[in-house]
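**Q** Need coordinates for the following:
(chains A and B)
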Amino acid sequence: AQKITQTQPGMFVQEKEAVTLDCTYDTSDQSYGLFWYKQPSSGEMIFLIYQGSYDEQNATEGRYSLNFQKARKSANLVISASQLGDSAMYFCAMRPYTGANSKLTFGKGITLSVRP
Amino acid sequence: EAQVTQNPRYLITVTGKKLTVTCSQNMNHEYMSWYRQDPGLGLRQIYYSMNVEVTDKGDVPEGYKVSRKEKRNFPLILESPSPNQTSLYFCASSLQGNYEQYFGPGTRLTVT
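**A** Numbers count the residues shown, from 1 in each chain, chains lettered A, B, ... in the order given. Model (predicted):
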């Protein structure tokens, strides 16, 4: 079974500064993917970034980067140069690449508020 | 435009009145799934489908049914809704083995 832990309370960041959202995971699978999704107040789930367990380099997508530390089982999201539109809930998720079900296991989410 | 659509987006209903939430994708994806989102719990999988006529239970299937008669459609059926099924529901799809799952816009269901 997989488990995702996001324990930070609501996070606040000043506009234009960087912020790190923490995510730790637990799995017995050797091959898996890690994901971050953004959910603004409008409710849709927006895919941000992906990291494969065998990827040696940390994933980056524009202002988003994933700080992947496999031995520590952590996959923190770093948002650089925060913008007001980054205010949202952020979910860390993972799925194993073994088995038939491509189920995503989600953490409980972190609320990020960007201050002007 | 590649997308997953859900209908209705908002629904208020009463206990026991059967309802169906439709989900459709236009990307020829084999894999489709339903999740529900509740405050403090994140998203949890209800049912999934690997392909036409192939469905299986996720983590919280009680009170729900699904069917997959066509590749593009994966409706979620609540035969006798109860207030504890009040939630935000998401349909998602992906290619088999592909890492990205595409989510629909969500359906906010209230059962009184």
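**Q** buried sites along stretch A:17-24?
**A** Neighbour-count burial for stretch A:17-24, counted by 16 or more other CB atoms under 10 Å in any protein chain shown, picks out A:19, A:21-24. Glycine gets a C-beta too; all of them are placed from N, C-alpha and C.
**Q** neighbouring contacts of that stretch?
**A** Stretch A:17-24 is contacted from outside by A:4-8, A:11, A:13, A:34, A:36, A:67, A:72-82, A:90, A:92, A:107, A:110, A:112, using CB atoms under 8 Å, 6 or more residues apart in numbering or on different chains.
**Q** Which residues of chain B lie near chain A?
**A** B:31, B:33, B:35, B:40-45, B:48, B:50, B:56, B:58-59, B:88, B:90, B:92, B:94, B:96-97, B:99-103, B:105-106, B:108 (CB under 8 Å from any CB of the partner chain).
**Q** Select only the buried ones of these in ChimeraX?
**A** Selecting only the buried entries of the residues of chain B next to chain A in ChimeraX, with 16+ other CB under 10 Å as the criterion:
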select /B:31,33,35,42,43,44,45,48,50,58,88,90,92,94,99,101,102,103,105,106
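**Q** Could I get the full set of strands for the chain?
**A** Reading this off chain A. Using DSSP state E, the strands of chain A run over A:3-5, A:11-14, A:19-21, A:24-26, A:32-39, A:46-52, A:60-61, A:64-69, A:74-79, A:88-96, A:105-106, A:110-115.
**Q** Actually, chain B is the one I wanted.
**A** Along chain B, counting by DSSP E, strands occupy B:4-7, B:10-13, B:19-25, B:31-38, B:42-51, B:54-57, B:65-66, B:76-78, B:87-94, B:102-103, B:107-111.
**Q** so where's chain A shaky on pLDDT?
**A** A:100 (pLDDT under 70).
**Q** can you list the residues of it near chain B?
**A** A:4, A:33, A:35, A:37, A:43-45, A:47, A:50, A:52, A:91, A:93, A:95, A:97, A:100-104, A:106-109.
**Q** shaky segments in chain B?
**A** Across chain B, residues meeting the criterion (pLDDT under 70) sit at B:97-99.
**Q** Just give me the residue right at the centre of it.
**A** B:Trp34 (3.2 Å; CA atoms, centre = their mean).
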